[in-house]
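>>> dropping a prediction and its sequence here:
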Amino acid sequence: MRTAKWAIVLACAIAVAAPTVLAAPKVGTPAPAFTATDTQSRPHSLADYKGKWVVLEWHNQGCPYVQKQYKSGNMQKLQQEWTGKGVVWLTIISSAPGKQGYVTAEQEDAYVKEQHASPTAVLLDPEGTIGHMYEAKTTPHMFVIDPKGVLVYDGAIDDKPTTDLADVATATNYVSAALKEAMAGKPVTTPTSKPYGCSVKYPTGS
Amino acid sequence: MLLIPRFLVVCMTSSCAVCRRVSAAIVIQLLAAASGMAAPRQVSAPHLTVELLADQATIVPGKDLWLGIRFALEPGWHIYWQNPGDSGGPPTVGWKLPAGLAAGPIEWPAPERIEVPPLVNYGYDGDVVLPVRISAANRQPAGDVRLAATVKWLVCRDLCLSGRADVELPLPLPPELTGAVPGWKKLLSQALGKVPRAAPASWKAEARSEGDNFVVSVQTGRREAGGVFFPLDEDQIDDSAPQKVEPFAEGVRFTLRKSNRLLTAPAALRGVISLPGARAFVVSAPLDAKVSQRRTR
């Protein structure tokens, strides 16, 4: 009898706790779980990458802030450096069809080739599902997730919120800094920062 | 004497129209630089015009002057307040002033909430004047001066463009501009009227944490029918979350969603509140740690 009562209490507690899984992303707590398809029609789940470091990069090839990172070669350099160290780098496109930055899988593959980019995969999120889950606001907007699936960084790519290519050289890159510190088992000095860039072009009304 | 490089002369006389135009523009720049030619008072740039204006036609030694940086924006485009909200950045100004004159900071008029889904920005659209106090306390005598500024800005719609302009205002004003002073004076006093004031000492502002929200109560001594809270510190509240505004007998209460990126509780929430009747005040609402703890446990 007593056990049954506790089972009900426990069930209620789980029911109350469950929605927190869908809660806003917060550094120090588990990163929201997602599944998406990449430009090669391969599925990717965050859960597949337990045990690995994961970087999420919100992307829009037409945005001047994104172009700053790609035209300077900086984003490609970061992708190469960190995937070389076993990091899973997921570029995510949340532009809706008909909106600026929306691309087909073929168009994005051509862009990746032309830019000599080397993300692990480019995830297509035309309904904005993952974008809303992470409350991605701008392109770029960067997240770093540790091997336990805990969010360790949420914010801007660096500390120079401009479109000026020249600023890349003197900027402090928050993603690299977070990965270096977290991988060394140190606390991340800047675990959050305000993302800067173009607004994510979500479907209207979503 | 200014020597114009030979290649420019060749280009200026070439049969290529674009070459002629470009080289002529370079020569004009060179001439301007060499002669110390005045920068314009007004500059047109993509999606806006920026100009300098003043509330006096001349510098009066010992008397402060109000100078305005006026942005006239194309419909649909905006520039930013000191805290831009979810994205963007405020305009900046670098002064080049003659000895004896000193520029104060930009006095920011209360902004508007500008929705650019999924973002909310704090800024201005239409026609906005940003006042700056020029102190002439140490200026003797008046003389001819030029107030020169390099203005930089970010202008956005759903996309953004950065811009800059070198502008200057000669004082005393040339005769063709003196007639504009009464109009400028009016624009400046309107802009200064929108600059938030310090909250009266009799007001009481306090904040408490309630789960995902901060609740900021401001006792103004009367029921406030509405209002908007503009945070002065970035990343304390979620700028794009709708604000719940509740009037009560002695003031108004704002329920503001916390920013995802706020990891430690701030000591206070500082902000500008815009109230009905075009009133705007700076408030600092200390966060009551004891009350917050009780509520969240």
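Received, thanks.

>>> where does A:Val168 land in three-state SS?
Under DSSP: H, G, I helix; E, B strand; the rest coil, the three-state class of A:Val168 is helix.

>>> ok, which stretches of the chain are helices?
Since you didn't name a chain, this refers to chain A. Along chain A, the segments classed as helices by DSSP state H run A:2-17, A:64-71, A:74-84, A:105-115, A:129-134, A:174-183.

>>> meant chain B actually
With DSSP H as the criterion, chain B has helices spanning B:6-12, B:17-35, B:175-178, B:181-194, B:289-296.

>>> from the stretch 1-150 of chain B, which residue is nearest to chain A?
Using CB to the nearest CB, the single residue of the stretch 1-150 of chain B nearest to chain A is B:Leu119, 4.7 Å away. (Each C-beta comes from the backbone N, C-alpha and C, glycine too.)

>>> show me the contacts for the nearest residue to that residue once chain neighbours are set aside.
Distance criterion CB to CB, 6 or more residues apart in numbering or on different chains; nearest residue to B:Leu119, sequence neighbours excluded, is B:Asp86 at 3.8 Å. If a contact means CB atoms under 8 Å, 6 or more residues apart in numbering or on different chains, then B:Asp86 has A:Lys137, A:Thr138, A:Ser199, B:Leu119, B:Val120, B:Asn121, B:Asp239, B:Ser240 as its contacts.

>>> just the buried members of the residues you listed?
For those, a neighbour count by 16 or more other CB atoms under 10 Å in any protein chain shown gives the buried set as A:Lys137, A:Thr138, A:Ser199, B:Leu119, B:Val120, B:Asn121, B:Asp239, B:Ser240.

>>> closest to B:Thr58 out of these?
B:Asn121 (38.2 Å; CB to CB).

>>> show me what contacts that closest one?
Counting by CB under 8 Å, 6+ apart, B:Asn121 makes contact with B:His78, B:Tyr80, B:Pro84, B:Gly85, B:Asp86, B:Ser87, B:Gly88, B:Arg113, B:Ile114, B:Glu115, B:Cys156, B:Asp239.

>>> mind redoing it with 7 Å?
By CB atoms under 7 Å, 6 or more residues apart in numbering or on different chains, the contact set of B:Asn121 is B:His78, B:Tyr80, B:Pro84, B:Gly85, B:Asp86, B:Ser87, B:Gly88, B:Ile114.

>>> B:Val181 now?
Shown in contact with B:Val181 (CB under 7 Å, 6+ apart): B:Ala57.

>>> bridging residues for the closest residue to A:Lys52 other than its chain neighbours?
Nearest residue to A:Lys52, sequence neighbours excluded (CB to CB, 6+ apart): A:Val88, at 5.1 Å. Note on A:Val88: beta-bridge partners A:Val54, judged by DSSP bridges.

>>> I figured A:Val88 hits A:Val54, correct?
Yes. Between A:Val88 and A:Val54 there is a contact under CB atoms under 7 Å: 4.7 Å.

>>> isn't B:Gly104 up against B:Leu130?
No. B:Gly104 is not in contact with B:Leu130 according to CB under 7 Å; the separation is 11.6 Å.

>>> and these two? which has more neighbours close in?
Neighbours were counted for B:Gly104 and for B:Leu130 using other CB atoms under 10 Å in any protein chain shown; B:Leu130 has more, 22 against 13.

>>> residues touching that one, list them.
Each residue near B:Leu130 by CB under 7 Å, 6+ apart is listed here: B:Gly68, B:Ile69, B:Ile106, B:Trp108.

>>> excluding chain neighbours, what is closest to the spatially most central residue of chain A?
Geometric centre of chain A, nearest residue: A:Leu56, 2.3 Å, by CA atoms, centre = their mean. Once flanking residues are discounted, A:Leu56 sits nearest to A:Phe143: 4.1 Å by CB to CB, 6+ apart.

>>> burial of the closest residue to B:Ala136 other than its chain neighbours, as a residue count?
Nearest non-adjacent residue to B:Ala136, counting by CB to CB, 6+ apart: B:Ile59, 5.4 Å away. By other CB under 10 Å, the residues close to B:Ile59 number 23.

>>> which pLDDT value goes with B:Ile59?
Predicted confidence (pLDDT) at B:Ile59: the value is 88.

>>> sorry, back to before: pretty sure the residue nearest to the centre of chain A contacts A:Thr139?
No. With contact defined as CB under 7 Å, A:Leu56 does not count as touching A:Thr139 (11.8 Å).

>>> re the thing from before, quick check: the two most widely separated of the contacts of B:Asn121?
Checking the contacts of B:Asn121 against each other with CB to CB, the farthest-apart pair comes out as B:His78 and B:Asp86, at 12.6 Å.

>>> residues in chain B within reach of chain A, list them.
B:86-87, B:89, B:116-119, B:158-160, B:162, B:234-235, B:260-261, B:263 (CB under 7 Å from any CB of the partner chain).

>>> so which residues on chain A come close to chain B?
A:24-27, A:135, A:137-138, A:154-155, A:161-163, A:191-192, A:194, A:196-200, A:202.

>>> quick one: contacts for the closest residue to chain B within chain A?
Distances between chain A and chain B by CB to the nearest CB are smallest at A:Thr192, namely 3.6 Å. Applying CB under 7 Å, 6+ apart to A:Thr192 gives the contacts A:Val27, A:Asp154, A:Gly155, B:Arg261, B:Leu263.

>>> ok, what's across the strand from it?
A:Asp154.

>>> how near is it to A:Pro147?
Using CB to CB, to the nearest Å, we find A:Thr192 at a distance of 20 Å from A:Pro147.

>>> check B:Val252 too.
47 Å.

>>> and those two? Which one has more around it.
B:Val252 (23 against 14).

>>> ok, that one touching B:Val218?
Yes. The pair B:Val252 and B:Val218 qualifies as a contact (CB under 7 Å) at a distance of 5.7 Å.

>>> ok, back up a step: next step: the contacts of B:Asn121 restricted to strands.
Counting by DSSP state E, the part of those found in strands is B:His78, B:Tyr80, B:Pro84, B:Gly85, B:Ile114.

>>> OK, contacts around the closest residue to B:Pro170 other than its chain neighbours?
Spatial nearest neighbour of B:Pro170, chain neighbours left out: B:Arg146 (5.2 Å); criterion: CB to CB, 6+ apart. Residues in contact with B:Arg146, defined by CB under 7 Å, 6+ apart, are B:Ala38, B:Glu168, B:Pro170.
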